[in-house]
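Colleague: Provided below are the primary sequence and the corresponding predicted coordinates.
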Amino acid sequence: MAKILIVDDSVTTRIDLRKTLEEVNHDVIEAVDGEDAIKVYKQNKDVNLVICDYHMPKLNGLGAVEGIFSEAPNGQVPCLILTTESSAQLKQEGRKIGIRGWIIKPFEKKPLLDGVRMILEKEAKKAQE
């Protein structure tokens, strides 16, 4: 299906995300923090989607996404933020830089997979146009 980069400093969250995404045949790669996310993306520019935590050491999720966007061939990669943060101001900041969605932890499988599917379908339609 799709190649998805998951970024979270929590091993447990990465394991849960990997398991959920691999159950529906996605190829999953991981990064352990915001700085690592940029490094991993540089080596995997064929990533179709990034799912990124907000609160991480070294570089928060928005900083990580901006760093990934600066490396992306067309300046953007579809990104979801997965976090305990739900502030409207933070969500607005995310939308301004190009975040496609906001999922609150702990995540539920179906809403997460539905969000991933919707984003990937939109991207596939764009590519056909």
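Modeller: That came through fine.
Colleague: so which strand or helix has the closest residue to Lys109 other than its chain neighbours?
Modeller: Spatial nearest neighbour of Lys109, chain neighbours left out: Thr20 (5.3 Å); criterion: C-beta to C-beta, 6 or more residues apart in numbering. Just so you know, the C-beta spots here come from the backbone N, C-alpha and C atoms, and that holds for glycine as well. Here Thr20, judged by DSSP states H and E, is contained in helix 11-22.
Colleague: how much space is there between the residue positioned nearest the centre of the chain and Gly115?
Modeller: The chain has Ile51 as the residue nearest its centroid, 1.8 Å off, counting by C-alpha atoms, centre = their mean. To Gly115, Ile51 is 9 Å away according to C-beta to C-beta, to the nearest Å.
Colleague: shared neighbours of the two, anything?
Modeller: Shared contacts of Ile51 and Gly115 (C-beta atoms under 8 Å, 6 or more residues apart in numbering): Leu80, Ile103.
Colleague: quick one: the helices in the chain?
Modeller: 11-22, 34-43, 61-71, 88-97, 109-128 (DSSP state H).
Colleague: Val77 - how many residues pack around it?
Modeller: 21 (other C-beta atoms under 10 Å).
Colleague: now swap in the one 3 residues further on and tell me
Modeller: Neighbourhood size, Leu80 [other C-beta under 10 Å]: 24.
Colleague: my read: it touches Gly115, true?
Modeller: Yes: counting by C-beta atoms under 8 Å, Gly115 is a contact partner of Leu80 at 6.2 Å.
Colleague: please enumerate the shared neighbours of the two.
Modeller: Gly101, Ile103.
Colleague: quick one: average pLDDT of stretch 96-108?
Modeller: Across stretch 96-108, pLDDT averages out at 94.
Colleague: which parts of that stretch are buried?
Modeller: Residues of stretch 96-108 classed as buried by neighbour count (16 or more other C-beta atoms under 10 Å): Ile99, Arg100, Gly101, Trp102, Ile103, Lys105, Phe107.
Colleague: show me what contacts the fifth one?
Modeller: What it means is Ile103. Counted by C-beta under 8 Å, 6+ apart, Ile103 has contacts Ile51, Leu80, Ile81, Leu82, Thr83, Pro111, Leu112, Gly115.
Colleague: thank you kindly, that will do.
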